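[1] Need coordinates for the following:
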Amino acid sequence: MEFLAVTNNPAVKEKYPHLNLVRVEGGVEEVFRRARDLVHQGYRLLTHPLASSLKPGRIPFKTVVLTAAPEQAVDLESLELMAAAAEALAKTRPAWALTIPDQVAADYALVDLSIFESALESLRDAP
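    Residues are numbered from 1 along each chain as shown. So this is what the prediction gives:
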């Protein structure tokens, strides 16, 4: 199955440069914003934007997978999921500037990469 992945994760960008990636500069909020904009253009979510038990407002990296091409109509379920993700991000964002040590950020990058690779396996088996 072909897909499009929106990511700000350098580990995903480095390991899968040959995939159809939308490389985002910035935090999880920017990844969600870009994915939401693509949903408005007709792309449909293939992975849940809140996959994992990590609080979106406290992590530095995220990868969201969408269909490779837009469809005729906006997928309302995808739109609702992106709205819920934005709300969860706002609720879990700390009031102070979040400082994440490099090694911890690298761990978060590996967690996101692992979730993305799990999604890749599922997509490979999809009809």
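
[2] the strands in this structure, which residues?
    Secondary structure of the chain by DSSP state E: the strands cover 3-7, 21-23, 63-67.

[3] Burial-wise, tell me which of those comes out on top.
    Mean neighbour count (mean count of other Cβ atoms under 10 Å) peaks for strand 63-67 among the strands of the chain, with a mean of 26. (C-beta placed from N, C-alpha, C; glycine too.)

[4] next one: that strand to chain centre, how far?
    6 Å (Cα atoms, centre = their mean, to the nearest Å).

[5] Also stretch 62-76?
    Distance, centroid of stretch 62-76 to centroid of chain: 12 Å (Cα atoms, centre = their mean).

[6] for stretch 46-54, same thing?
    8 Å.

[7] what about it, start to end distance?
    Start-to-end span of stretch 46-54 (Cα to Cα, to the nearest Å) is 19 Å.

[8] Next up, the contacts around the nearest residue to I100 once chain neighbours are set aside.
    The shortest distance from I100 to any non-neighbouring residue, by Cβ to Cβ, 6 or more residues apart in numbering, is to P60 (5.7 Å). Counting by Cβ atoms under 8 Å, 6 or more residues apart in numbering, P60 touches N8, G27, V28, I100, A105, Y108, A109.
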